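Q: Take a look and give me a structure for this.
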Amino acid sequence: MNYLSTRGGMSGIAFRDAVLTGMARDGGLLLPETIPDVSRKLMSWKNLPYEELAFEIMRLYADIPEDDLRRLIHKSYSVFRDPEVTPVRKVGDVHILELFHGPTLAFKDVALQFLGNLFDYSLAERKEEMNILAATSGDTGSAAIHGVRGLKRVRIFVMHPYGKVSKTQERQMTTVLDKNVFNIAVQGSFDDCQQIMKTIFNDLAFKDRYSLGAVNSINWARLLAQIVYYFYAAFRVMKTTGKTRIRFSVPTGNFGDIFAGYLATKMGLPVAKLVLATNENDILARFFNTGDYSIGHVRPTISPSMDIQIASNFERYLYYRLNCDPKRLSALMKDFQSCGSLKVVRPSGGSVDEIFAAGAGNTDETLDTIRNYYETYGYLLDPHSAVGVAVGTRFMNSAEPTICLATAHPAKFSEAIIHATGKNVATHPLINDLEGLPTRCEILPSSVKAVSEYVERKISDARVQDCE
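A: Prediction:
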């Protein structure tokens, strides 16, 4: 399988080159040249354990020897605390897909454990190094750090918005003191961090000089790993309910997680509806309900990983929405960059896309959902997962079971849980162990110049030390 850029400037790219490149050199995002139809394989896949299912799906996209791919998959998921990796629980009228059993208690671990091992494998083979530059709204940073910490050929620079992630999310990043890990608190929003990252990546001379790579969901391997759990969850729920089609409700801000579900659907998974759930930062919900994608102001909420206005994976969806026409997409993205909005034509009386339903859950609804599920079922939802459940239940259909993605362990957001339940019931040993640990982080202004100079200085210092 080869890869191409959404903007048409790159094609015929091998899988490992696509992974190490991250963002396309023309400013676009990479996608496989074709999406395989696996409809005829569903029956033979339905009872596979997680690692075997991951192998069957990933081998369709990855040019890696089969034995090596199996080893990478096993190394990535053997560290998860549940033997199913991403188990499904029936809670009331919904099915909860728990994606938080990895090292940092967030769904990002599913992709970033695999991506970290894939980087290590590919760089060792080529005898190269990589300097990762990432932006995080909370969970990507800690998952990426834990995926690559201690690796000899990788350094990682993670930007997070200063004071705008949870205390637990911040400590999960800044308490990692490995010499290849650098935390940056940017005095701005997540969108500022993301724009700094994209601007630096578009400076091709700088990118090449310092061997920059990406772990954000702009990296195709992130999406590939996430496709797997849509198949895994669907098979389990269809088996227990006897239904032949299912619905997914996905809390999302950057459009990566739900886009993986969209790709699973394009591959032939029998999904009746993808329910897109946002918080008050509802740019994506507004788009799928009206066709208007316009930037607003970021509103801080109790679900901070979704406090985003510019969704980095949305360009990939638009590429398919525009019938894979890179010229039309490039023109649309250029207009969006200049005016902060874009529109697509919606059929008269119809929806933007029949596979999507969309809604926003505000803070009161989120807290009510956490409280109700705890009091009724004894089940704790983190605030992001609660948004997904709150919105997902609006679109339920008795003929098609609803699977709600639980994207983080509630212990990562204990303040919100206390607010909702009045009790300190969201705890986890991995979180408790962070208390009192030393931290390391650099606070920088929201400036491309400040961040690029910091990255340049730290890489130069590290290379000197490596030679001593």
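
Q: which residues in the stretch 351-468 of the chain form helices?
A: 363-377, 383-392, 414-421, 429-432, 448-467 (DSSP state H, counting those that start in this stretch).

Q: average pLDDT for the longest one?
A: In this case it means helix 448-467. For helix 448-467, mean pLDDT is 88.

Q: starting at the chain centroid, how far to it?
A: 27 Å (C-alpha atoms, centre = their mean, to the nearest Å).

Q: Keeping just the C-alphas, turn it into PDB.
A: Taking Å, rounded to 0.1, in the frame of the first residue of the first chain, the C-alpha atoms of helix 448-467 are listed here in PDB:
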ATOM      1  CA  VAL A 448       6.900  30.100  16.200                       C
ATOM      2  CA  LYS A 449      10.200  31.800  16.700                       C
ATOM      3  CA  ALA A 450      10.400  31.100  20.500                       C
ATOM      4  CA  VAL A 451       9.500  27.400  20.000                       C
ATOM      5  CA  SER A 452      11.700  26.800  17.000                       C
ATOM      6  CA  GLU A 453      14.700  28.400  18.700                       C
ATOM      7  CA  TYR A 454      14.100  26.300  21.800                       C
ATOM      8  CA  VAL A 455      13.900  23.100  19.700                       C
ATOM      9  CA  GLU A 456      17.000  24.000  17.700                       C
ATOM     10  CA  ARG A 457      19.000  24.800  20.900                       C
ATOM     11  CA  LYS A 458      18.000  21.600  22.700                       C
ATOM     12  CA  ILE A 459      18.800  19.400  19.600                       C
ATOM     13  CA  SER A 460      22.200  21.000  19.100                       C
ATOM     14  CA  ASP A 461      23.000  20.500  22.800                       C
ATOM     15  CA  ALA A 462      21.900  16.900  22.700                       C
ATOM     16  CA  ARG A 463      23.900  16.100  19.600                       C
ATOM     17  CA  VAL A 464      27.000  17.600  21.300                       C
ATOM     18  CA  GLN A 465      26.400  15.400  24.400                       C
ATOM     19  CA  ASP A 466      25.800  12.300  22.300                       C
ATOM     20  CA  CYS A 467      29.200  12.900  20.600                       C
END
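
Q: what ranges do the strands span in the stretch 151-300 of the chain?
A: Applying DSSP state E, counting those that start in this stretch to the stretch 151-300 of the chain gives strands spanning 154-161, 181-187, 212-213, 246-251, 271-278, 292-294.

Q: Packing partners of the fifth one?
A: Here strand 271-278 is seen to pack against strand 246-251, helix 256-267, helix 283-290, strand 356-360, helix 383-392 when contacts are counted using 3 or more C-beta pairs under 8 Å, 6 or more residues apart in numbering; DSSP states H and E. Every residue, glycine included, has its C-beta placed from N, CA and C.

Q: Could you look over these and pick the most buried one?
A: helix 383-392 (a mean of 31; mean count of other C-beta atoms under 10 Å).

Q: ok, now which ones touch residue 341?
A: Residues counted as contacts of residue 341 (C-beta atoms under 8 Å, 6 or more residues apart in numbering) are 292-295.
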